[in-house]
Every structure is written in C-alpha cells, then in structure tokens.
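A.B. asks: Predicted structure and sequence below. I'll ask about it afterward.
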Amino acid sequence: MIITWEKVVKNFILAGALGTLLSLPAIAAQSFADNFDLTQYRTDVKTLASDAFGGRAPLSEGEQLTIAYLEKAFKEMGLKPGFGDSYLQAVPLAKISADQQMQLDIGGLKFANGSEFTARTQRVVDKVSLTNSEVVFVGYGINAPEYHWNDYQGIDVKGKTVIVLVNDPGFATQDPQVFKGNAMTYYGRWTYKYEEAARQGAEAVFIVHETAPAAYGWGVVQNSNTGTKFTLVDGNNNLGQVGVMGWVQHDVAQKIFAKAGMDFDKLKRQAAKPNFKAQPLKLQAQLTLKNSIERAESHNVAAILPGETRADEVVMMHAHWDHLGTVMEDGKPEILNGAVDNASGVAGVLALARHFKQQAQTMPLARSILFSAFTAEETGLIGAQHFAQHPSVPTKNIVAFLNIDGMNMNQDVDYILRYGEGVSELEHYLDTAVKAQGRVVKADPRPQNGLMFRSDHFALAQQGVPGLLFMSLGDTDPDYIAHKYHQGADDYDPNWSLAGVSQDLDLIASILTALANSTDWPRWLESSDFKAKREQDGRN
C-alpha cells in the first residue's frame, strides 16, 4: 500500500507528535537544544576526534579506544547489547599494506606512486604483478543492459589492464535521457568499475581521476588508496576480485594515450556516446604490489532499545565510527581525525540513543530502535557489508536504516538536503518532519557525486532495506570538501555553534518516532534490485 499524507500524519499522531505537526510557529521558535544535551554531544565529538584516538583507523589502538567509548556509553544509558549478549560484532578483516615504493610503467613511461597514480589490491596474497599486461581503454567500463550500454562489447580483456573514466555518461553529457543525466548512478561509482572489470576477467583497472566527475580532488584519492587498507575475506582469499585497483591523474592518462598515438580527451568525448568501441592502446603495463598481510578482527558496535509491542520489527539509527587513521605527509605523520566525518555522526547517534532511552520511561515505542556504529566504511562499507550478510536481526525485519555521515556543526538552516528523489517512501517521512519544523526539502545540489552509494546505508539497501542519508559535508562550510575532507584539517572546532546539530537531531528524532510507532513498511518507489529483494521478503 502506498503511504498517503493522511497516513503519515496518522503515524505521527500515534507517535505522540500531534502537537509537533499542528504547531509550526512554536516549532520554528523553539530551542532544539532543549531536547538534546549539546554539552555531552560536544564532549563526544571532541573525544572521538582527539589525537589520542589516532584517526580511528580499524585494527588500531584508536579502534580499541573508540569501541570501548561507545560500549561504555551504551551501558551507561541502560541499552541492551545489539548482538545477543554483546555490544560488539566481530568483523574479520585482512589488513593489507602494500610497499609504497612501487612504480607504474606503461609503454615505457614511468609514474610515481601517490602523486601520479595509486594502486592497491583486495586479494589476500603476498604479491600481485602486472607483467607485459596489454592496456585497453574501455570508456566508462559499464555494462548496463537496462540502459542499452556495454563498454565491454566486442573486446576480450581477460588478464589485461583496463583504463576507465570516472562517473557515467549521464554526467558527461548532462543529458537527462542518458542514464540519469547529471545524477550519478551506481554505474558511475569506483566500486562498480572494479566489480565489473573483475566480472570481465581484467587483471587491473586504472580509473582516470578528474575532480568534477569524481566529486573530490586527488588528495582524497591519494589518502584513501595508499598505505594500509582493509578488506573482508571470502572463501577464496578474494582471488575473484580484480588484481590491481588503481587510479591515475588526468595528465597521466593524457601522456599514456599520447604514447599510444591517441588523443585522450577526444576519446573521452566519444566514450560518452552509445556504441563506443573499446580501444586497445597497444601498450603494456608493468607493476608489482608487494603486500604485508595481517588478519585480524575489527568490530561493529550496536545497542538496542526494545519496542513495547512489536519488538521484532527494528528501525536502525546509524553512523560509521571509523576514519583514516594516521598517514605520512611530506615524510611526517599526520593524524586524520575525521571530526565532522564522522565523529559528528557517531555523537549524534549517542545523543539520539540517550534521548529515546529517557523518553521510553514514559512513552515507550512500539518497534525497537537499533543504534549502531560500524567499522571500515571509509574502505568500502566493509562493516556494513558484514552486518548486511550477518545481521543481528533478519533484514526483512528492518523497517528502515537512517544514516548520519557528517552533521551541520554550524548555524541552523531553513532546509534539509535530500539524497535521491523518488527512491523510497521514506522521503514522505522526511517531507513531513521537515515541514513540521518550518523548513523545506532541497534536492541534492551535487547529484553527480553519487552520495546515495557512498555510505553504509547502501550496503543495507542491497539487502532491500530502504534508507535515509543525513549528510552536511561541505554544505554549510564551503571550505570543507576542498581543504578538510579526508585531510588533517577535519579537526574538532570549539567555535562550532552546533545549532544545526540541534535542529537536525530534532528532525531525525521525529522521523524515528514516526517509524517506530507505525505499522507501515516504507516501500521502494523505483524499480531496482533493492525493490526486488524487498518484494521477495514480502515487505514491498
């Protein structure tokens, strides 16, 4: 059944939020800080983003400090463990550290690691080598039957090195009739590029970086893909994955294509048109990854507030706890503390947990709320993928997954950003709650960034669970993406007003209340694998 506005309003009434919906002037004037302890919130962010936590890298001392902090907080609240009798879920990881002295050679041109290219692997092996590997340009590296698009048609790339473009042809053309136009699809994500290349049998993939279609600068690529990385491990040590997961700078791609007697920028334009034919460059690639491997367990953290009448039905409230740890910059260690990304979100989950635990003493919810913080989001949603494959409750019983990935630490605003449009009926809940605050919903100003696919809610979406992403990275701080995101400058700032935090916590709390007191199961609105999975579970 499609949710109507009347039904949503009814849900809010059931939630005890009638006054909220019918008193817009009072809401606009109220102090949201009255609902949440912002002093404790500030302490949580400051602690999690302190140098003592070392950037909260998985499998580090910073992880031990982080999960101990979260477990202690949940225990003090009186919340029950989220994983049976434990607040922790072990996530088996391989920690792969590649020798950073590697050098890429394509056609006799030699490129420096970090400044000109990056390369890593998720295969759990001591060494991966490209030896005289033929290089092929396969456009966007997309095979999408529903869009009548196959960049691999007519070309055999088994054992070869492929060069692909970032994002998808919709962004390149800005044509709404091509894929989804400016809005990135999953086919534009770097994760997809590697997955499809592996299905095609390629040995290596190098994505050509450009800031606009990637949505971030080279510094983000460098920090995210050099040094130690983490991966889940399958029964075959990930040998089914592509051997080399790489990126190259735009000017590096131009040099490579020039060496092959081709014009990269001309071929890039051609690749955005249907029926593009893959182009062998008649060059060979040489590269060796020498890996140090450590197997260890990281941890997801979760606590549950049981519902009173339908405790087996669960709404999840989430933020990833990890960041990038400590990296070497100009020969010196630099701690990447990730204060906004995502100590701010974890502190938000803690604030909401305290709020609902206290409220439950007089106004218990019908459904349960699972408050969670997963590991290794920054390395590819690893903790979320593990949870999705080994959930503490069946995914068919998870009503929705609300995910904070960076809060507005500055002044409050008269809008909220919506990531994706016409995706799921959760958007109706967002619309209603925002209206009750006297705000408006604004479409994602950067749909080309593909944020729908870049945080932990996506791993649960793949299991059919609809989600909402709350993210303010760079929206109220224009300097954030360019100079702070995944960089050392993402530090705690005592001058943050936190008015935006108060405002958004109040918004999220109202949506959680509505979902937890409703009998509805929000549906997917557009055809997708997500919708098909939900239908199989009998929930759509």
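C.D. replies: That came in fine, so what should we check first? All of these numbers come straight from a predicted model, not from anything done at the bench. Numbering: from 1, shown residues only.
A.B. asks: could you pull out the helices for the stretch 401-540 of the chain?
C.D. replies: 426-436, 457-461, 480-483, 499-516, 529-536 (DSSP state H, counting those that start in this stretch).
A.B. asks: so which of those comes closest to residue 279?
C.D. replies: Proximity to residue 279 (CB to CB) singles out helix 529-536 among the helices of the stretch 401-540 of the chain, at 30.8 Å. For every residue, glycine as well, the C-beta is placed using N, CA and C.
A.B. asks: buried ones in that closest one?
C.D. replies: Using 16 or more other CB atoms under 10 Å as the test for burial, helix 529-536 gives 530-531, 533-534.
A.B. asks: helices or strands next to the one helix or strand residue 68 maps to in the packing?
C.D. replies: Counting by DSSP states H and E, the element that carries residue 68 is helix 61-77. On a contact count with 3 or more CB pairs under 8 Å, 6 or more residues apart in numbering; DSSP states H and E, helix 61-77 meets helix 38-48, strand 279-305, helix 345-359.
A.B. asks: got the buried residues of helix 529-536 as TSV, with distance to residue 101 columns?
C.D. replies: Shown next, in TSV, are the buried residues of helix 529-536 (distance: CB to CB, whole Å):
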residue	distance to residue 101
530	42
531	47
533	44
534	48
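A.B. asks: Which one, of the helices of the stretch 401-540 of the chain, ends up nearest to residue 36?
C.D. replies: Nearest to residue 36, of the helices of the stretch 401-540 of the chain and by CB to CB, is helix 499-516 at 5.1 Å.
A.B. asks: tilt between the closest one and helix 38-48?
C.D. replies: 100 degrees (axes from the mean of the first three to the mean of the last three CA atoms, to 10 degrees).
A.B. asks: how many degrees apart are helix 499-516 and helix 345-359 in direction?
C.D. replies: 50 degrees.
A.B. asks: can you tell me which residues contact residue 271?
C.D. replies: By CB atoms under 8 Å, 6 or more residues apart in numbering, the residues touching residue 271 are 137, 139-140, 151, 165, 169, 172.
A.B. asks: Out of those residues, list just those in helices.
C.D. replies: Among the contacts of residue 271, the ones falling in helices (DSSP state H) are 169, 172.
A.B. asks: how near is the residue nearest to residue 256 when sequence neighbours are not counted to residue 286?
C.D. replies: Using CB to CB, 6 or more residues apart in numbering and skipping residues adjacent in sequence, the residue nearest residue 256 is residue 106, 5.2 Å away. Noted for residue 106: a distance of 8 Å to residue 286, by CB to CB, to the nearest Å.
A.B. asks: what about these two, which has more around it?
C.D. replies: residue 106 (27 against 17; other CB atoms under 10 Å).
A.B. asks: Just to check, the more buried one is in contact with residue 258?
C.D. replies: No. Using CB atoms under 8 Å, residue 106 is not in contact with residue 258, being 11.5 Å away.
A.B. asks: tell me the SS of residue 118?
C.D. replies: Secondary structure state of residue 118, per DSSP: H, G, I helix; E, B strand; the rest coil, is strand.
A.B. asks: residue contacts, it?
C.D. replies: Residues near residue 118 by CB under 8 Å, 6+ apart: 221-222, 225-226, 246-247.
A.B. asks: again, only this time at 6 Å
C.D. replies: Residues counted as contacts of residue 118 (CB atoms under 6 Å, 6 or more residues apart in numbering) are 225-226, 247.
A.B. asks: Over to residue 217?
C.D. replies: Residues near residue 217 by CB under 6 Å, 6+ apart: residue 211.
A.B. asks: Just the pLDDT for it.
C.D. replies: Each residue has a pLDDT score; the one for residue 217 is 91.
A.B. asks: Check the spacing between it and residue 206 real quick.
C.D. replies: Distance of residue 217 to residue 206, given as CB to CB: 18 Å.
A.B. asks: same thing with residue 369?
C.D. replies: To residue 206, residue 369 is 43 Å away according to CB to CB.
A.B. asks: list the contacts for residue 158?
C.D. replies: Residue 158 neighbours (CB under 6 Å, 6+ apart): residue 201.
A.B. asks: Let me see the backbone angles for it.
C.D. replies: When read as degrees, to the nearest 10, the backbone of residue 158 gives phi -60, psi 120.
A.B. asks: which one of the helices of the stretch 401-540 of the chain has the most crowded surroundings?
C.D. replies: Greatest average neighbour count among the helices of the stretch 401-540 of the chain goes to helix 457-461 (a mean of 25), per mean count of other CB atoms under 10 Å.
A.B. asks: Show me what it is packed against.
C.D. replies: helix 382-389, strand 398-404, strand 467-470 (3 or more CB pairs under 6 Å, 6 or more residues apart in numbering; DSSP states H and E).
A.B. asks: Columns pLDDT and distance to residue 181 on top of the buried residues of helix 529-536, output as JSON lines?
C.D. replies: Formatted as JSON lines, these follow (pLDDT from 0 to 100; distance: CB to CB, whole Å):
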{"residue": "530", "pLDDT": "87", "distance to residue 181": "21"}
{"residue": "531", "pLDDT": "90", "distance to residue 181": "21"}
{"residue": "533", "pLDDT": "92", "distance to residue 181": "26"}
{"residue": "534", "pLDDT": "95", "distance to residue 181": "26"}
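A.B. asks: which of those lies closest to residue 278?
C.D. replies: If you rank the buried residues of helix 529-536 by distance to residue 278 using CB to CB, residue 530 comes first, at 30.0 Å.
A.B. asks: Can you give me every residue that contacts the closest one?
C.D. replies: Per CB under 6 Å, 6+ apart, neighbours of residue 530: 461, 464, 524.
A.B. asks: Just give the closest residue to it, not the sequence neighbours.
C.D. replies: Of all residues not flanking residue 530 in the chain, residue 461 sits nearest, at 4.9 Å (CB to CB, 6+ apart).
A.B. asks: Repeat that for residue 239.
C.D. replies: Nearest one to residue 239, counting by CB to CB, 6+ apart, is residue 123 at 5.7 Å.
A.B. asks: my guess is the one you found meets residue 236, correct?
C.D. replies: No. Residue 123 is not in contact with residue 236 according to CB atoms under 6 Å; the separation is 9.4 Å.
A.B. asks: one step back: so which of the helices of the stretch 401-540 of the chain is nearest residue 334?
C.D. replies: Proximity to residue 334, assessed across these by CB to CB, is greatest for helix 480-483 (13.7 Å).
A.B. asks: And the closest one, what does it pack against?
C.D. replies: Contacting helix 480-483 under the criterion 3+ CB pairs under 6 Å, 6+ apart is no other helix or strand.
A.B. asks: which residues are contacting that helix?
C.D. replies: Helix 480-483 has contacts (CB under 6 Å, 6+ apart) with 473-474, 489.
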